[in-house]
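Enquirer: the sequence and its predicted three-dimensional model are supplied below.
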Amino acid sequence: MNIKDLEIILKESNEPTFRLKQIIKSIYQDGILDFNKINNIPKLLKEKLIDFKILSFGIDELKEGVDSVKALLSLEDGNFIESVLIKNSTGFTVCISTQVGCAMNCSFCATGQNGFKRNLTSEEITDQILFWKNYLSDKKIGNITNIVYMGMGEPFLNYENVKESIKKFIDPGFFNIGARSISVSTSFPSSVNIEKFTKEFPQVNLAISLHFADNKKRSLYMPINEKTDLLDIQKFIEKYLEINNRKIFLEYIMLDDINDNEYDANKLIEFVKVIRKNYLIHINLIKYNSTFKNFNSSKKEKIIKFEHYLLREGISVTVRKSMGEDINGACGQLAGKKII
């Protein structure tokens, strides 16, 4: 929601200063997206706000799966993004997008295959949470407990807008979500904005999409590795753990016969063990979710074997439960297109 535009209307209507706080609470914390349903504002003001758009996008399509719901959202310029609501043990996690498309062009990711169109505004990012809050409120089935920046786009190539959105998420006057309940995922395009993030949001979780511990392989499937390679990532993690002394997450998608053998496991162990305070590094092994590309997920037995190999070497690791694949809403599947 555009707060500045709302402030102008309230000022021109000679509304008391507390009116803005009333509206913000109703929308951002109670999940109300209809001014007529806000009980503590006058009828005359509701009439003046009848054409004021709370959300910066339209809801083009909703697809409900076993444990997830995916929304295709139409932006005002005609572009589309996707956002996913995922059931967790205590409530719901929302996976949000930060860009229309993605410039990283990772060969196993559906988003990257569409190229990059533009950055989302901070309003378009936060409005994804407004939409899901309203969805849950209407259905009376629970609350948002976690936010993950793991949808379409590379968050650190849109850092200023991502930063503003995080500020609003953790602001007690707006969403009032705990910083430790927010995670930002990155393929590591540069350390500059990530280092800013580390200083500005020390309690927000950071996940690095590693996927390969061999530079040759990572460059082959993730072109960004030609710019910032595994050594750059190691140096950053070293610095991050010294400054924050908090757990950092490495995401590792399991690709059949590509990065799931004993050689790859040993390279991953080497990558982790060279870093001081490596006990603060946690690896998430992720089942590959099929896209239109010719990749297959590692077999379940192979993933478990890979996990056990790391555990024997003292590496903190878990196999992350895959959710949303039945609606093309799982990791790497968001493409901003209609489901056919």
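Expert: That came through, no problem.
Enquirer: helices or strands next to the strand or helix carrying L231 in the packing?
Expert: If you go by DSSP states H and E, L231 is part of helix 230-244. Here helix 230-244 touches helix 191-200, strand 205-209, strand 248-254, going by 3 or more CB pairs under 8 Å, 6 or more residues apart in numbering; DSSP states H and E. Glycine gets a C-beta too; all of them are placed from N, C-alpha and C.
Enquirer: can you pull the buried residues of the next helix-or-strand element following the last one?
Expert: This points to strand 248-254. Remark: after strand 248-254, the chain's next helix or strand is helix 262-273, criterion DSSP H and E. Neighbour counts over helix 262-273 (16 or more other CB atoms under 10 Å) mark D264, A265, K267, L268, I269, F271, V272 as buried.
Enquirer: where does the chain have low pLDDT?
Expert: 291-293, 323-340 (pLDDT under 70).
Enquirer: quick one, phi/psi of the most centrally placed residue in the chain?
Expert: Geometric centre of the chain, nearest residue: Y149, 1.5 Å, by CA atoms, centre = their mean. Per-residue torsions, Y149: phi -90, psi 70 (degrees, to the nearest 10).
Enquirer: ok, which stretches of this protein are strands?
Expert: Assigned by DSSP state E, the strands in the chain fall at 57-64, 68-75, 80-87, 92-95, 99-101, 116-119, 144-149, 182-186, 205-209, 248-254, 281-287, 316-320.
Enquirer: mind putting those into CSV with distance to E307?
Expert: Supplementary listing: these in CSV, determined by distance: least, CB to CB, whole Å:
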stretch, distance to E307
strand 57-64, 31
strand 68-75, 24
strand 80-87, 22
strand 92-95, 22
strand 99-101, 32
strand 116-119, 34
strand 144-149, 22
strand 182-186, 20
strand 205-209, 18
strand 248-254, 10
strand 281-287, 6
strand 316-320, 6
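Enquirer: for burial, what's the neighbour tally of the nearest residue to E200 once chain neighbours are set aside?
Expert: Distances taken as CB to CB, 6 or more residues apart in numbering place K163 nearest to E200, at 6.7 Å, with adjacent residues excluded. Neighbour count for K163, taken as other CB atoms under 10 Å: 17.
Enquirer: any idea how far K163 lies from G173?
Expert: Separation of K163 from G173 (CB to CB, to the nearest Å): 17 Å.
Enquirer: ok so, going back, could you dump the helices and strands packed on helix 230-244 into JSON lines with mean neighbour count added?
Expert: Shown next, in JSON lines, are the helices and strands packed on helix 230-244 (neighbours: other CB atoms under 10 Å):
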{"stretch": "helix 191-200", "mean neighbour count": "16"}
{"stretch": "strand 205-209", "mean neighbour count": "21"}
{"stretch": "strand 248-254", "mean neighbour count": "22"}
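Enquirer: in JSON lines, list these along with distance to E124.
Expert: Below are the helices and strands packed on helix 230-244 laid out as JSON lines (distance: least, CB to CB, whole Å):
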{"stretch": "helix 191-200", "distance to E124": "19"}
{"stretch": "strand 205-209", "distance to E124": "22"}
{"stretch": "strand 248-254", "distance to E124": "24"}
